[in-house]
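A.B. asks: A structural model of the following input is requested.
(one chain, ligands or ions: 1)
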Amino acid sequence: MHACRPVSRRMLLRSGSGLALALSLQPAAAFAAGITPAARVPAPAPTRAPRQNRAPLAPQPLLPLPTGSIKPAGWLRRQLEIQAQGLGGRLDETWADVGPNSGWLGGDGENWERGPYFLDGLLPLAWALDDAQLKGKAQRFIDWTLDHPWPDGMIGPRANDDWWPRMVMVKALIQYHDLTEDPRVIPVLTAYFHHQLGALPGRPLKDWGRFRWHDEVVAVLWLYNRTGDAKLLDLAKLLHAQGWDWQAEFADFPFRRKVTLDDLGMVRRPDGNFDHTMTDRALSGHGVNNAMGIKASPVWSLVSGSKADRDAVHHHLAELDRYHGMPTGMFAADEHLAGRSPSQGVELCAVVETLFSLELAAAITGDAAIGDRIERIAYNALPATFTDDMWAHQYDQQTNQIKCSLAPGPWTTNGPEANLFGLEPHFGCCTANFHQGWPKLNDSLWMGTADNGLAALVYAPCEVRTIVGAVPVRLTETTDYPFRNTVSLALHPERPARFPLKLRIPGWSKAMRVTVNGQTAAGRAADGFLTIERTWRPGDAVAIAFDNPVTLEPSYNDAVAVTRGPLLFALPVAESWQQWRPRGLTADWEVYPAAPWNYALVEPPRASAEHPISPVPFSRRMPPVTVTARVARLPGWIEAHGGYAEPPPPSPVALPEAQAETVTLIPYGAAKLRVTMLPVAMG
Ligand SMILES: [Zn+2]
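C.D. replies: Residues are numbered from 1 along each chain as shown. Below is the predicted model of the structure:
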């Protein structure tokens, strides 16, 4: 029944617009001419140890390694290469908002968040791949920003003085300093923060910046750790004082169902747009703000020293799960918080911002369960919302996604393009902002520990170079995780060195096995980590094996989601891709179902099978792992008028005269049309 082979975007381009194909294979000479020569890019910074916080900031249990310490390997490297060869590396060649006329390059084009957003992901991508051309593209934005401060210390385009886009730019600048130690960065940041400290009382945070203040505090504390400038702590406190109090919001969470226009105090105008989009209610129920707000309490706890502030993130996540949670680890927010029906969507910006928030929150809290959630989101929700070649993405992805067409959808405020795949469906924020997802995941796989060790927070193939104690250490992680259940580590300290190695114990793994040089490891399991402390010698080998049975997780209306380890599985619906319109080097696409989708599980799936991993890791055509399931059609489960699946009917469902079929479930990230929350049949 799912015999219809999916058609790749490349094949569609061949059969469709010849113009689009030609463009997609040609470098854009006009833009290439504007790229900074690689020679102007500073040499990489030397290998460094991670830093503990400077007093009086609270110490943290896990210490992010300086950006650039971790290089991707294996499938993760291929995924980053796909990003680089798609919109991730070439967006500036086909989208004017980050092109050569960007306000962040001195032009009179877009001068708000889009340039900094693009840079925030392009930088770590370029250095992770050591790609000279991409480094040159990133360097143009860096050079313009560092070389054109205002006389009063302000940075950025003169035509726009909003604090918010600068919060993104400083986030990029601290990564750039990690990567290069360019001596221009610290003076420019210092002058900017001093300027802001003086200016904020008269020109306080507003709208987006007011709800995202914590992202700037991260950069302010980064600088404080390097300079000890007490004024920076004053600035952090002022940002907190002017910013939205997420902790108070979640103490009595007001959004306990899919929000309506009335809930938000929003009014639709005759032209389809909205009045009152910037009310506190609308901004505090906004999906991306909530995603970014996850880091607010833990980041603030570094200044306040309060355990209650630090731990508030657990309550924050629990409330999002309880009222809006999805099996992808995300919460539904198709612009605003949207309840638990699997037909609701979540925005790509919210996916990558949740990941970044969790990466910081994991470091500050040391909570291994946050590592589980990072994997669930990164290995499912993140790849699901892109085409295989990362030349097109969705604004909103749905957990049960049976059609991506120009139709109203179940959204409260988003438009009919919201779940199409394309260049900038619905709105271009995600086009600019998605770039940080994979590269920052790479940068967070390993962290230093407060007791001078190393911790594996998220498992993926990579190579780490850092300093542990005073000893340079190279560590390689060889694995096809999450598609396989084993991980091999090789440690290469420059000389024998005693330190703790902490390995995250996933919550779903009940019998993780670890050996060191072939012998069962004598480790200590506590707080979600197995700690092995010994004198590590060059060539020491650690082997990890997880148990990862196929598991059913209960979800909305007692439907179930199928998981194996960090991977979520979905029933793939045969896809018919139809180009809606060409968009420069890429195109916008609708996706229609080419087979029925309304199935219920008739027995719990147990058997999984592993297959070769293709050059596209989350490939629908060659899924690296599959689960066999028995299902039957559920005729009463239908498509809603707006072009989406009705919520699954309450389980167990009755299936009179059901004809059971055997089907193959594939990773959620590989199935662009899919049913993920499956009703369960009686019997
Ligand atoms: Zn977005």
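A.B. asks: in the protein, what spans have low per-residue confidence?
C.D. replies: Applying pLDDT under 70 to the chain flags the ranges 1-39, 683.
A.B. asks: Spatially, which residue comes closest to the residue most central in space within it, not counting chain neighbours?
C.D. replies: What sits nearest the mean C-alpha location of the chain, by CA atoms, centre = their mean, is Val352, with 2.7 Å. Leaving out its chain neighbours, the residue that sits closest to Val352 by CB to CB, 6 or more residues apart in numbering is Gly437, at 4.0 Å. To be clear about C-beta, it is placed using only N, CA and C from the backbone, and glycine gets the same treatment.
A.B. asks: Provide the contact partners of the helix or strand containing that neighbour at residue level.
C.D. replies: Here Gly437, judged by DSSP states H and E, is contained in helix 437-443. Residues from elsewhere that reach helix 437-443 (CB atoms under 8 Å, 6 or more residues apart in numbering): 64-65, 67-72, 76, 79-80, 83, 121, 123-125, 128, 351-352, 355-356, 359, 374, 378, 382, 458, 460, 462.
A.B. asks: Describe which strands the helix or strand in which Ile532 is found pairs with in its sheet and in which direction.
C.D. replies: Using DSSP H and E, Ile532 sits in strand 529-536. Within its sheet, and counting by DSSP bridges, strand 529-536 is paired with strand 497-504 (antiparallel), strand 524-526 (antiparallel).
A.B. asks: For the helix or strand following that strand, list the C-alpha coordinates in CSV.
C.D. replies: Using DSSP H and E, the helix or strand that follows strand 529-536 in sequence is strand 540-545. The C-alpha atoms that make up strand 540-545 are tabulated as CSV, following Å, rounded to 0.1, in the frame of the first residue of the first chain:
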residue,chain,number,x,y,z
ASP,A,540,42.2,3.7,25.7
ALA,A,541,39.0,2.4,24.2
VAL,A,542,35.5,2.8,25.7
ALA,A,543,32.7,0.8,24.3
ILE,A,544,29.1,1.6,25.1
ALA,A,545,26.0,-0.5,24.2
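A.B. asks: Okay, angle between strand 540-545 and strand 529-536 too, please.
C.D. replies: 160 degrees (axes from the mean of the first three to the mean of the last three CA atoms, to 10 degrees).
A.B. asks: Distance from the chain centre to the next helix-or-strand element following strand 540-545, please.
C.D. replies: Per DSSP H and E, the first helix or strand lying C-terminal to strand 540-545 is strand 550-554. Chain-centre distance of strand 550-554: 24 Å, with CA atoms, centre = their mean, to the nearest Å.
A.B. asks: The nearest residue to Met390 once chain neighbours are set aside and Glu93, how far apart?
C.D. replies: In this structure, Met390 finds its nearest non-sequential neighbour in Gly86, 3.4 Å apart by CB to CB, 6+ apart. According to CB to CB, to the nearest Å, Gly86 stands 11 Å off from Glu93.
A.B. asks: try Leu238
C.D. replies: From Leu238 to Glu93 the distance is 40 Å (CB to CB).
A.B. asks: of these two, who's got more company?
C.D. replies: In this view Leu238 and Glu93 are compared by other CB atoms under 10 Å, and Glu93 has more residues nearby, 22 against 18.
A.B. asks: OK, contacts around Ile155?
C.D. replies: Thr145, His148, Pro149, Arg166, Met169, Val188, Tyr192.
A.B. asks: Turn the buried ones among those into a named PyMOL selection, would you?
C.D. replies: Here is the PyMOL selection string for the buried members of the contacts of Ile155, based on 16 or more other CB atoms under 10 Å:
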select buried, resi 145+149+166+169+188+192
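A.B. asks: Farthest pair within the contacts of Ile155?
C.D. replies: His148 and Arg166 (13.1 Å; CB to CB).
A.B. asks: Which helix or which strand is home to the closest residue to the ion within the stretch 201-350 of the chain?
C.D. replies: Closest contact between the stretch 201-350 of the chain and the ion, by CB to the ion, is at Cys349 (3.0 Å). According to DSSP H and E, Cys349 maps onto helix 348-365.
A.B. asks: chain center to that helix, what's the gap?
C.D. replies: 7 Å.
A.B. asks: and it with strand 497-504, angle?
C.D. replies: 130 degrees.
A.B. asks: thinking Thr385 is in contact with Val352, fair?
C.D. replies: No. Look at Thr385 against Val352 with CB atoms under 8 Å: they stay out of range, at 9.7 Å.
A.B. asks: element containing Arg465, please.
C.D. replies: Here Arg465 is assigned to strand 462-468, by DSSP H and E.
A.B. asks: which parts of the helix or strand following that strand are buried?
C.D. replies: Moving toward the C-terminus from strand 462-468, the first helix or strand encountered (DSSP H and E) is strand 471-479. Buried positions in strand 471-479, judged by neighbour count with 16+ other CB under 10 Å: Val471, Pro472, Val473, Leu475, Thr476, Glu477, Thr478, Thr479.
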